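Student: what follows is a predicted protein model with its sequence.
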Amino acid sequence: NNPQPRIQLFATEALGRIHSAQGMGPIIEMLRKNDNKDLWLRHAGMVALARLQQPKQLTALADDPSSAVRIAAVVALRRLEHPGIAAFLTDTDEAVVTEAARGINDDFSIEEALTPLANILNTTPFKNEALIRRAINANSRVGSNLNVDQLLTYAQNTNAPEFLRAEAIATLTFWGSP
């Protein structure tokens, strides 16, 4: 509750380092009050939440009213490589959904969450390149007949950007068994 950002940062780091589940509430409250204004505090909160290693509680934050808290939970789940990150793919905030897609697809991936990511290709209201490219890639990696259909549907969507539709078609050209 200290108004000094420096003290908040060190207190948040300390709560993460002691791995106490009781630290989750104060960290979430700090993230909520900060509301993504101070990037150092936001980062400290994300790292501290990951260090607490409470994936069920982090997944439950998908319903939190604060987008700052939700995005911190996504990054923490990414660091934990936990499939609960998929719960954030239906968020109403494009930044949260895109960060969840990055967490699922990038680095070493979260295999268990690839199917939910693939399945949002034609259902998400968001059109940003970072999200759609990852959904296309997830369809390729999951590799079922349903994923072929999803890529074809996206490629035929005239409301989608042409270069991403071309990406969906190009992905189909590398399919293992037509």
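Tutor: Perfect, thanks for sending it.
Student: when you work out contacts or count neighbours from here on, use the C-alpha atoms and nothing else.
Tutor: OK.
Student: quick one, phi psi at residue 39?
Tutor: phi -70, psi -30 (degrees, to the nearest 10).
Student: meant to ask about residue 143
Tutor: The phi/psi pair for residue 143 (degrees, to the nearest 10) is phi 70, psi 30.
Student: which residue sits closest to it, ignoring its sequence neighbours?
Tutor: residue 175 (7.9 Å; Cα to Cα, 6 or more residues apart in numbering).
Student: look at that neighbour and tell me its secondary structure.
Tutor: coil (DSSP: H, G, I helix; E, B strand; the rest coil).
Student: same thing with residue 3?
Tutor: Under three-state DSSP, residue 3 comes out as coil.
Student: just give me the neighbour total for it.
Tutor: 7 (other Cα atoms under 10 Å).
Student: ditto for residue 170
Tutor: Neighbours around residue 170, by other Cα under 10 Å: 13.
Student: how near is it to residue 137?
Tutor: 11 Å (Cα to Cα, to the nearest Å).
Student: same question, residue 88
Tutor: In terms of Cα to Cα, residue 88 sits 18 Å off from residue 137.
Student: one more: residue 67?
Tutor: For residue 67 relative to residue 137 (Cα to Cα), the value is 26 Å.
Student: just checking, what packs against the lowest-mean-pLDDT helix or strand in the chain?
Tutor: Across the helices and strands of the chain, mean pLDDT, DSSP states H and E gives its lowest value to helix 5-17, namely a mean of 88. Here helix 5-17 touches helix 24-34, helix 39-52, going by 3 or more Cα pairs under 8 Å, 6 or more residues apart in numbering; DSSP states H and E.
Student: so which bits of it are buried?
Tutor: 8, 9, 11, 12, 13, 15, 16 (16 or more other Cα atoms under 10 Å).
Student: and the closest residue to the first one other than its chain neighbours, what's its pLDDT?
Tutor: When you say that, I think you mean residue 8. Of all residues not flanking residue 8 in the chain, residue 2 sits nearest, at 6.4 Å (Cα to Cα, 6+ apart). The model reports residue 2 with a pLDDT of 75.
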